[in-house]
Structure formats: structure tokens, C-alpha cells
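Visitor: Sharing a model that was predicted from the sequence below.
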Amino acid sequence: MLGILGGGQLGRMTALAAAKLGYRAHVFAPESPCPAGEVAWATTVAEYDDAVALQRFSDAVDAVTVEFENVPEAALRQLAQTRPTRPNAAALAAAQDRLVEKAFLADVGFETAPIHQVDSADDIVAALTTLGRPVIVKTRRFGYDGKGQVRVESPAEAEAAWAALGKAPSIAEGLIDFAREVSVIAARDVDGRVACYPAVENIHENHILRTTLAPAPDMGALAGEAERLTAAAIARLDLTGLLAIEMFVTRDGRLIANEMAPRPHNSGHWTMDFAATSQFEQLARAVMGLPLGDVAVLRPAMMRNLLGDEANTWPALLADPGVRLHLYGKREARPGRKMGHWNKAL
Ligand code: AMP
């Protein structure tokens, strides 16, 4: 039995991939119903700090993974006392705090955006002096899809920005003049063998991933560099499972790491139809102690997210026989919410 912390679409697709290998999944999530719970053999509906529920979950599974990186580190530490947790709690913790994450990425050899620690409005003013204008201020924890982020152009905006971030511990980043955004997903098995999917290009709209092109076109030598550094990062974290790293490519051709996630990643959804092994099967294999699958690209492809109401167009999408559709079974199509995606060969 594969234990999955988190009930979203990444857990759903992991549970489906595990089923293909003959495993059942047990999903632990606070919300019900949830996309992963609907395709799992069992679900536990409880908060992540419910020690009794975590213990029962642990007793019921062989190994534990996460589909959501904001699972409290303490939950994973408790589970690790009785079951293998893949990723390990330290790797999860490194990805939860942008300050720790940036230091880690730099340590592995990535260039990162210049940053300034922010614990007050005055720190934002200081950041504008050290980093130049504008800066992007991001909460250290719990940011996603552009949430927990404010762009600040001048000292006059500092107070309002600090209030908008809920006065939460943050970092300010210098603005990167990027030409494109790319990402790499690495997988690592229990014996430390690493396999990397090729670098892909990601196109965002309103801070939300829209489209992925796989592999990223015309990357030249940068593709190998991105893959080599991602492989080094997953090994350094001693992580069994998956690690995704998002990067910018600057106009002058440098690679700058932005953030990482120790779980399946939206930019890897194309692998479900156009890689020899999907990222979800790869995760299930790694977590259950099996050898990794082949990461070969079957066909260059694109992935497009279905956000909010767009999901209602699915019958029309299926009229195109080349479209491979994946819906997450979410009942409510809130604006910007990831409802599904489709893949198509290029
Ligand atoms: P993040 O939440 O860090 O993934 O940021 C969301 C998006 O904001 C990124 O995918 C970029 O498009 C943009 N962004 C974040 N940080 C920077 C930066 N330092 N310079 C320029 N754009 C950024």
C-alpha cells in the first residue's frame, strides 16, 4: 500500500499510476471529497497534526510520499519513525522555506536571483537599494501560483506591500530579465540511481502555468546543464522520489534557479502520454523500492492546463483525436483553478 499525503490532482495521478503497478493507495488529506481520495483504495480525512490519525495511516501503508509540499515537516517526521518517507522530511523542509531553498540551490551550483531577507517594511526599502528596482517580495512559506507575492517599485509602496503579505517573514528578489522559463524533473530510486526528464519550457499567464513544451526547444548546452544540476540537487537531498526545479533562462543565456518541489510537478504532466514512463509511475516505482523506468521522450509534445470554466470544453477537446485529456474530477470550477490538462504531440 502506497501512502500519499495530500488529496489533490498530483495524488490522484500518483494513485492511478500506482494502481497500474498493482499497488493500492491510501490518501491522507484534511479535505473531503478530494481528487486523490476518489481513486484511492482508502482515505483518511484528518488534519496533518492529528498524531493518532497519522499513526493509523502509518500502520496501514508500506511507504509514504507527498503530493503537496506544504505538509508540515512534523507529520513526515512522525511517519518516518515507522515507515520510509520518500521524500525525507529534511528535503521537504528545504523546499518549504524560500530562504533555505535559495541557499540550497546556490550550494548545489545554481545561480539564483539576488535576495534580501525581509522581516519588516524597512527591509523592503533596504532591498530596493541593494537589489535595484523593482523587487519581487515573496513570503518565505506557503506561496504558490503567484500567491504570497508582491512587486514593489518604490519605497512609498513598502508599507502597503508588507501589509499585503500579512507581515509574514519574506524575501525580496531582484527582477530577473528572463527570456524563458524552464524546468527539469529528476527521479531517484532507493539505491541512489538518478534519471532526469529533459528540460521543458513553461509558459505562465497570471503566474499560473499555462503551457509546457517538451522538450524545451533550442536549449543547446543549457539543457544538459539544467539536468546535471537537478540531478546533483536530488542526490544532495538524499531524496528518494521526484524533484522538480523551475529555472529562468536569461536573455544572455544564463540559467537561474527559482524554486524546487520534492513531488510530481505540473510541468511533468506531458510524461503521462509522451514519455516512456510517466512522472507518476516513476514516483510510485521509487517510493515502493522498484527500479526507475525509462525517461525517453516518445514524441515532442505540449501540455496545456484547463483552468476554471475551460474544463467545460472537454467534449469539444475530445473531438480532436490527437488530444489526450486528463480531468481531475473537481466539482467546482473556480477561476484559475487547475481542473485538468491535455497533452498533444507537436
Ligand atoms: P514563483 O512563485 O517564485 O514560482 O514565481 C511565480 C512567477 O513569477 C515565476 O514563474 C515568474 O514568471 C515570476 N517571477 C518570480 N520571481 C521572479 C524574479 N525574481 N524575476 C522575474 N520574474 C519572477
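Guide: Looks like it came in fine.

Visitor: ok now stretch 160-179, how far from the chain's centre?
Guide: Taking C-alpha atoms, centre = their mean, to the nearest Å, the mean C-alpha location of stretch 160-179 is offset from the chain mean by 20 Å.

Visitor: For that stretch, buried residues please.
Guide: If you call a residue buried by 16 or more other C-beta atoms under 10 Å, then stretch 160-179 has these buried ones: 161-162, 165, 170-174, 176, 178. C-betas here are computed from N, CA, C, even on glycine.

Visitor: Just the terminal-to-terminal distance for that stretch.
Guide: Counting by C-alpha to C-alpha, to the nearest Å, the length from the leading to the trailing residue of stretch 160-179 is 30 Å.

Visitor: Repeat that for stretch 161-177.
Guide: 22 Å.

Visitor: Would you reformat the buried residues of stretch 160-179 as a markdown table and include secondary structure?
Guide: Compiled in a markdown table, those are given as follows (DSSP: H, G, I helix; E, B strand; the rest coil):
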| residue | secondary structure |
| --- | --- |
| Ala161 | helix |
| Trp162 | helix |
| Leu165 | coil |
| Ser170 | strand |
| Ile171 | strand |
| Ala172 | strand |
| Glu173 | strand |
| Gly174 | strand |
| Ile176 | coil |
| Phe178 | strand |
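
Visitor: Those residues also near the ligand: which ones?
Guide: Contacts with the ligand within the buried residues of stretch 160-179, as defined by C-beta under 6 Å from any ligand atom: 173, 176.

Visitor: Spatially, which two of the buried residues of stretch 160-179 are the most separated?
Guide: Maximum pairwise distance among those (C-beta to C-beta): 26.0 Å, between Trp162 and Phe178.

Visitor: In whichever helix in the chain runs longest, which residues are buried?
Guide: Counting by DSSP state H, the longest helix found in the chain is helix 221-236. Across helix 221-236, burial judged by 16+ other C-beta under 10 Å covers 222-223, 225-227, 229-235.

Visitor: Please list the residues of the stretch 1-150 of the chain that sit near the ligand.
Guide: Counting by C-beta under 6 Å from any ligand atom, the stretch 1-150 of the chain comes close to the ligand at 113, 136, 138, 143, 146, 149.

Visitor: Quick one: which of the residues you listed is the most crowded by neighbours?
Guide: Among those, the one with the most neighbours (other C-beta atoms under 10 Å) is Lys138, at 23 neighbours.

Visitor: mind listing what that residue touches?
Guide: With contacts defined as C-beta atoms under 8 Å, 6 or more residues apart in numbering, Lys138 is in contact with 98, 148-149, 170-173.

Visitor: ok, the helix or strand following the longest helix of the chain: who's next to it in the sheet?
Guide: On the C-terminal side of helix 221-236, the closest following helix or strand by DSSP states H and E is strand 241-250. Sheet pairing for strand 241-250, assigned by DSSP bridges, gives strand 178-188 (antiparallel), strand 255-261 (antiparallel).

Visitor: The longest one to helix 221-236, inter-axis angle?
Guide: Put plainly, it is strand 178-188. Here the directions of strand 178-188 and helix 221-236 differ by 40 degrees (axes from the mean of the first three to the mean of the last three C-alpha atoms, to 10 degrees).

Visitor: Could you give the number of residues near Pro84?
Guide: Counted by other C-beta under 10 Å, the residues lying close to Pro84 total 18.

Visitor: domains in the chain, as residue ranges please.
Guide: Per automatic domain parsing, the structural domains of the chain span 2-85, 114-174, 178-345.

Visitor: From one end of the shortest one to the other, what's the distance?
Guide: Terminal residues of domain 114-174 are spaced 6 Å apart (C-alpha to C-alpha).
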